[in-house]
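Peer 1: Let me see the structure of the following:
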Amino acid sequence: MGCGCNKNKNSPEFRKPDQTNQSVDQNQNIFSKGIGMAKSFATAIASRGFTDNKVNKPTKQLRVLSCFGNSHRGGELIPCEHLKESKTEGKHFCGGCGCGDKPMTWLMSQGEEYSKLDYPKLNCPLNMPGFTNYTPSTPDESTAPITRKYYIENIDFNEVLKTPVSLPQFKPPALPAPPEQPETGKV
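Peer 2: Got it, this is the predicted structure:
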């Protein structure tokens, strides 16, 4: 009999009496999801860069359609099931990605503020059109009732371009004045 150093950490000898294989799997899934969320967040932040890079206008319009739908403008597409209202009036955030209700996670902003939908690289928990991790719909999504994804994929692109968005413009910080050169006393 050995010390047990080489045994699997998930084996019964290492588990608490009330810990089942299902709870171990759930903990591993939560951990994996957390790692994935952190990686996705880091990718989005890196894509913004030091100069506030942003997505192009048609892609942002597609993202807005994917999140907010177009029913508020007379269309048929209702908002995404994960769209949540912020505690701050007029702001919304994604309840599906786990980012929560914070100013840097609000989907749309006012004026020149940078919003979540401005990031060049941004993942969607539903892999919707306009997002970096977009995956096309499957053939079964085209049968009634059609899915949101299929609807957006087949909407006239001119309708997408009518989606109102703002694109904040990067304003580089003012450069500091050069340091004054001391006089050397030479003539």
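
Peer 1: now the strands: where do they sit in this structure?
Peer 2: Remark: strands assigned in the chain by DSSP state E are 83-85, 92-94.

Peer 1: Now do the same contact list for the closest residue to F68 other than its chain neighbours.
Peer 2: Spatial nearest neighbour of F68, excluding adjacent residues (CB to CB, 6 or more residues apart in numbering): P79 at 5.3 Å. The way it works is simple: take the backbone N, C-alpha and C, and place the C-beta from them, glycine included. By CB atoms under 8 Å, 6 or more residues apart in numbering, the contact list for P79 reads 67-69, 71.

Peer 1: are any of these buried, and which?
Peer 2: With burial judged by 16 or more other CB atoms under 10 Å, the buried subset of the contacts of P79 is 67-69.

Peer 1: Sitting in helices, which of these do you find?
Peer 2: Residues of the buried ones among the contacts of P79 located in helices (DSSP state H): 67-68.

Peer 1: Output the buried ones among the contacts of P79 as TSV; include the columns distance to N158 and pLDDT.
Peer 2: Converted to TSV, those look like this (distance: CB to CB, whole Å; pLDDT from 0 to 100):
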residue	distance to N158	pLDDT
C67	20	94
F68	18	94
G69	17	93
